[in-house]
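1. quick one, fold the following:
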Amino acid sequence: MVKLADGSEKGLKGHFKEDFSHRVREGLAPRSGHVDRDVPYKRIATEEAWTFPALVKAQLDYFDSGEAPDDDSLRMGAMFANMPSLQEMLQDLGELRIAHMDELGIDRQLLLLTAPGVQVVRPDEGTALARQANDLAAAACAKYPTRFSALAAFDPRDVAGSVKELERAAKLGLNGAVLNSHFQGRYLDEPEFVPILEALEANDLALYIHPTAPFNAPHYESRGFFGALGGFPHDVWLHTMGLIFSGAFDRFPKLRLVIGHLGECMPLHLYRFDWMQGNADNRARPGQEPVKLQKTVSHYFHNNIWITTSGVGWEPGIKFCQQVLGPDRVLYAMDYPYQQSADELAAYDRMDMTPEVKKMLMEDNARSVFRIRG
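-> Have a look, this model is predicted:
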């Protein structure tokens, strides 16, 4: 059971409308004997989730204290904490995870600290937990250098602490940074977070914005759209467009942004984004002078934004994104352990692409965007 903001309780399936049982199978990955073991590329999966006990405890403690803001992201964290099989997979950065990777045919995972991350705990705990996460991730990468790469966690509510932690993460050899979208309803496009964007560019760290539950949005939850059906993609959409229209990529032209799930459907709308750009361009925003973009919205998708295929192993959609963005801007991801399928992985091997484009999708683009070597 999960306690809701009004004091009532709901079963996990009833609250989130999401049943992991057919994927988790008590911690076992699906059979995958039909996956081709002799393909001419390495499979690098670029949105693979993990967590650790101290963070789960901090999320639960804050949620149970009654002191936390009404935040569906934190509520989601409490829900995940009560799924033992899921937690077993999320918290393992060793033999169990690698065994699943071997079953599924994955050569390397890019580890992302799973939603809701460090940005929903007590504000004075977030940066310390980010530091602990980054040390654990770096240690796993050092122990299994051919199997794991990782993105750094940071708590944007602590701007100065985030800048220092991003600088430290770069020295640790981490491959970018991950933010689980909004943090109690705030976004990186707000002026006070500019130093974080500056630190990302200065340290050559790609930023992956991963979904989380939308902030204070009962209209999603009441309809069963709390997660991947609506709330997740819409929140990343808002975050991404906010960054574009804040002028972030004009100010930091080398800043790299990555979003998952085929770009949360945003590539489908590039024509309309450009057509309607004047509705938001040069418009006053809270705490910020009006910003006039130097380029079209589509320009930033072609120069600053990459997308991954996490959870969308669908050939027509993938090929469409390769066509409109360029084959160098689409990266393979599985979304382990939330969505794992040997059948889906085998479908990638069968996709009708040239060998060069297939290798870009499955391996080369990940190496380029996240500076993965070895």
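2. now do stretch 135-146, average pLDDT.
-> Averaging pLDDT along stretch 135-146 gives 98.
3. quick check: buried residues in that stretch?
-> 136-138, 140-141, 144 (16 or more other C-beta atoms under 10 Å). Every C-beta, even on glycine, is put in place using the N, C-alpha and C of the backbone.
4. distance from that stretch to the middle of the chain?
-> When C-alpha coordinates are averaged (C-alpha atoms, centre = their mean, to the nearest Å), stretch 135-146 and its chain have centres 19 Å apart.
5. same check, this time on stretch 271-280
-> Offset of stretch 271-280 from its chain centre (C-alpha atoms, centre = their mean): 26 Å.
6. one step back: residue 248: which of the buried residues of stretch 135-146 is nearest?
-> Set against residue 248, the nearest of those by C-beta to C-beta is residue 137 (25.6 Å).
7. residues contacting the closest one?
-> Contact analysis of residue 137 by C-beta atoms under 8 Å, 6 or more residues apart in numbering lists 50, 93, 111, 113, 148, 150-153, 174.
8. one more time with 7 Å
-> Going by C-beta atoms under 7 Å, 6 or more residues apart in numbering, residue 137 touches 111, 150, 174.
9. before we move on, back to that, now the buried residues of stretch 135-146 in a markdown table, with secondary structure and distance to residue 359?
-> Shown next, in a markdown table, are the buried residues of stretch 135-146 (DSSP: H, G, I helix; E, B strand; the rest coil; distance: C-beta to C-beta, whole Å):
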| residue | secondary structure | distance to residue 359 |
| --- | --- | --- |
| 136 | helix | 31 |
| 137 | helix | 26 |
| 138 | helix | 28 |
| 140 | helix | 26 |
| 141 | helix | 23 |
| 144 | coil | 23 |
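10. look at the most centrally placed residue in the chain and report its pLDDT.
-> Per C-alpha atoms, centre = their mean, the C-alpha nearest to the average position across the chain is that of residue 210, at 2.5 Å. Reported pLDDT at residue 210 in the predicted model: 98.
11. gap between it and residue 320?
-> Taking C-beta to C-beta, to the nearest Å as the criterion, residue 210 is separated from residue 320 by 22 Å.
12. and residue 37, what pLDDT?
-> With respect to pLDDT, residue 37 scores 89.
13. so who does it touch?
-> Contacts for residue 37 (C-beta under 7 Å, 6+ apart) come out as residue 105.
14. helix or strand for it, which one?
-> Residue 37 is part of no helix or strand when elements are defined by DSSP states H and E.
15. please enumerate the helices of the stretch 101-250 of the chain.
-> With helices called from DSSP state H, counting those that start in this stretch, the stretch 101-250 of the chain shows them at 126-143, 159-172, 194-202, 218-221, 231-245, 248-251.
16. so can I have CSV of those helices showing distance to residue 264?
-> Output for the helices of the stretch 101-250 of the chain, formatted as CSV (distance: least, C-beta to C-beta, whole Å):
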stretch, distance to residue 264
helix 126-143, 24
helix 159-172, 24
helix 194-202, 20
helix 218-221, 15
helix 231-245, 4
helix 248-251, 17
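17. figure out which of those helices is closest to residue 352.
-> Closest among the helices of the stretch 101-250 of the chain, using C-beta to C-beta: helix 231-245, at 26.6 Å.
18. may I have stretch 281-290 exported as CSV, CA atoms only?
-> Presented in CSV, the C-alpha positions along stretch 281-290 are these (Å, rounded to 0.1, in the frame of the first residue of the first chain):
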residue,chain,number,x,y,z
ASP,A,281,9.8,33.8,-28.8
ASN,A,282,10.8,37.2,-27.3
ARG,A,283,8.2,36.8,-24.6
ALA,A,284,8.8,37.9,-21.0
ARG,A,285,9.2,35.1,-18.5
PRO,A,286,9.1,35.2,-14.7
GLY,A,287,12.4,36.7,-13.4
GLN,A,288,13.9,37.0,-16.9
GLU,A,289,14.0,39.6,-19.6
PRO,A,290,12.5,38.6,-23.0
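19. and the gap between the closest residue to residue 182 other than its chain neighbours and residue 250?
-> Distances taken as C-beta to C-beta, 6 or more residues apart in numbering place residue 215 nearest to residue 182, at 5.3 Å, with adjacent residues excluded. Noted for residue 215: a distance of 27 Å to residue 250, by C-beta to C-beta.
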